[in-house]
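Peer 1: output the structure for:
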Amino acid sequence: MKLSVLALDNVFDTGLAAVLDAFTTANELAAMQNTGARPFDVCVVGMKRQVRTALGMRMSVEATGAADGSDWIVVPALSTKTPEQLVPALGRRDVVDAMAQLRDWHAGGSRMAAACIGTFVLAESGLLRDHDATTTWWLSPLFRQRYPDVRLDESRMLVPSGDVVTAGAAMGHLDLALWLIRQSSPELAAVVARYLLVDGRPSQAPYMIPEHLARGDPLVERFERWARSRLAQGFSLESAADALATSKRTLQRRIEAVLGKSPLSYFQDLRVERALHLIQTSHLDIEAIAAEVGYADGVTLRTLLRRRLGRGVRELRGDSR
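Peer 2: You can find the predicted model right below:
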């Protein structure tokens, strides 16, 4: 399998290194263990022959022609963690040129892979249009606003969709690399994961901070503050709209547009966040915690935690130790 990694100026050092280290490790382990897996042919290309990483290191890369005929093009993240940094970066000359190059590679038969902020570059190029995708969770409101023709699910860690695959925030680069290795050899991917101590992370949900998502819109931010004050009392869309001096329809539409979910679903996110905090920082039993966040009994809360986070109370308490 031939893979080309597109490195741009201000590339996220950890993301680029994680991808390259995963494939280097895969090739070394395949040779050591005589698995029969074919080695990965990996090259790093750029819009110019030398790029400067976010931490200031200079790296020589190959010209874009070296990526022609690649099975996969991998786009690591730019190191831009806020909308104020990201939007101007997407308009940089080298990034715009890279988008055109991505479209050319795709037209030539290469499939596309991106992680974290790299998904914005892929979406900006138009190659995610009408695809399912994920992205770095805290920038999902911006992604949803900027690319309404992409079906975004930021709770997922990794989303294959046709001839593209996207992964979530930061260390999602490792999940992306392991997925690509798995397409060639599931056995080799499992060994690489064990050598690199990578646990399965099917969801970004346990890592999300609902308050950060709400900051993308004043009305949503006000709703978030109102909701936090009423977690133990239950949810009413009518009460929320009255308290915020808006209509139920406006509140519903605005939250769905920014967060991609209903006000009730977001209210439940806040309950889960509060419950998780109490599970990991207090000695309260699950019944007491359920009462604190507005559920009638611990069974209901256990079910919700398992569905949202993929782990039970015992596992969640263990994660905090």
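
Peer 1: verify the contact between residue 139 and residue 85 for me.
Peer 2: No: shown here, residue 139 and residue 85 do not form a contact pair, counting by CB atoms under 8 Å, at 10.3 Å. Just so you know, the C-beta spots here come from the backbone N, C-alpha and C atoms, and that holds for glycine as well.

Peer 1: who's more crowded, those two?
Peer 2: Using other CB atoms under 10 Å as the criterion, residue 139 and residue 85 rank with residue 139 on top: 24 against 13.

Peer 1: and the strands in the stretch 201-321 of the chain, which stretches?
Peer 2: Secondary structure of the stretch 201-321 of the chain (DSSP state E, counting those that start in this stretch): no strands located.

Peer 1: do you have the helices of the stretch 201-321 of the chain handy? List them.
Peer 2: Using DSSP state H, counting those that start in this stretch, the helices found in the stretch 201-321 of the chain span residues 210-214, 218-228, 237-243, 248-259, 263-281, 286-292, 298-309, 313-319.

Peer 1: for the fifth one, packing partners?
Peer 2: The criterion is 3 or more CB pairs under 8 Å, 6 or more residues apart in numbering; DSSP states H and E, and the helices and strands that helix 263-281 contacts are helix 210-214, helix 218-228, helix 237-243, helix 248-259, helix 286-292, helix 298-309, helix 313-319.

Peer 1: so how far is it off the chain centroid?
Peer 2: Relative to the mean C-alpha coordinate of its chain, helix 263-281 is positioned 20 Å out (CA atoms, centre = their mean, to the nearest Å).

Peer 1: the third one now?
Peer 2: Mean C-alpha position of helix 237-243 versus that of the full chain (CA atoms, centre = their mean) differs by 32 Å.

Peer 1: do the shortest one as well
Peer 2: For helix 210-214, the distance from its own C-alpha centre to the chain's C-alpha centre is 15 Å (CA atoms, centre = their mean).

Peer 1: list the buried residues in the longest helix along the chain.
Peer 2: Longest helix in the chain by number of residues, with DSSP state H as the criterion: helix 13-33. Neighbour-count burial for helix 13-33, counted by 16 or more other CB atoms under 10 Å, picks out 13-16, 18-23, 25-27, 29-30.

Peer 1: OK, contacts around residue 173?
Peer 2: By CB atoms under 8 Å, 6 or more residues apart in numbering, residue 173 lies in contact with 14, 15, 16, 18, 19, 76, 77, 115, 116, 167.

Peer 1: what's the spacing between it and residue 12?
Peer 2: Residue 173 sits 8 Å away from residue 12, taking CB to CB, to the nearest Å as the criterion.

Peer 1: who touches both of the two?
Peer 2: Common neighbours of residue 173 and residue 12 (CB under 8 Å, 6+ apart) are 76, 77, 116.

Peer 1: residue 93 versus the last one, what's the distance?
Peer 2: Looking back up the chat, that one is residue 116. Applying CB to CB to residue 116 and residue 93 gives a distance of 22 Å.

Peer 1: those two: who's more crowded?
Peer 2: Each of residue 116 and residue 93 had its neighbours counted (other CB under 10 Å), and the higher figure belongs to residue 116 (29 against 8).

Peer 1: sorry, back to before: and the longest helix of the chain, what does it pack against?
Peer 2: Using 3+ CB pairs under 8 Å, 6+ apart: helix 13-33 touches strand 2-6, strand 41-45, helix 172-184, helix 186-195.

Peer 1: which of those sits closest to residue 273?
Peer 2: Between residue 273 and the helices and strands packed on helix 13-33, the tightest spacing by CB to CB is seen for helix 172-184, at 20.6 Å.

Peer 1: name the residues of the closest one that come out as buried.
Peer 2: Those buried within helix 172-184 under the rule 16+ other CB under 10 Å are 172, 173, 174, 175, 176, 177, 178, 179, 180, 181, 184.

Peer 1: which residues touch residue 278?
Peer 2: 284, 289, 292, 293.

Peer 1: check residue 195 too.
Peer 2: So residue 195 contacts 25, 29 (CB under 8 Å, 6+ apart).

Peer 1: now do residue 305
Peer 2: So residue 305 contacts 272, 275, 276, 311, 312, 313, 316 (CB under 8 Å, 6+ apart).
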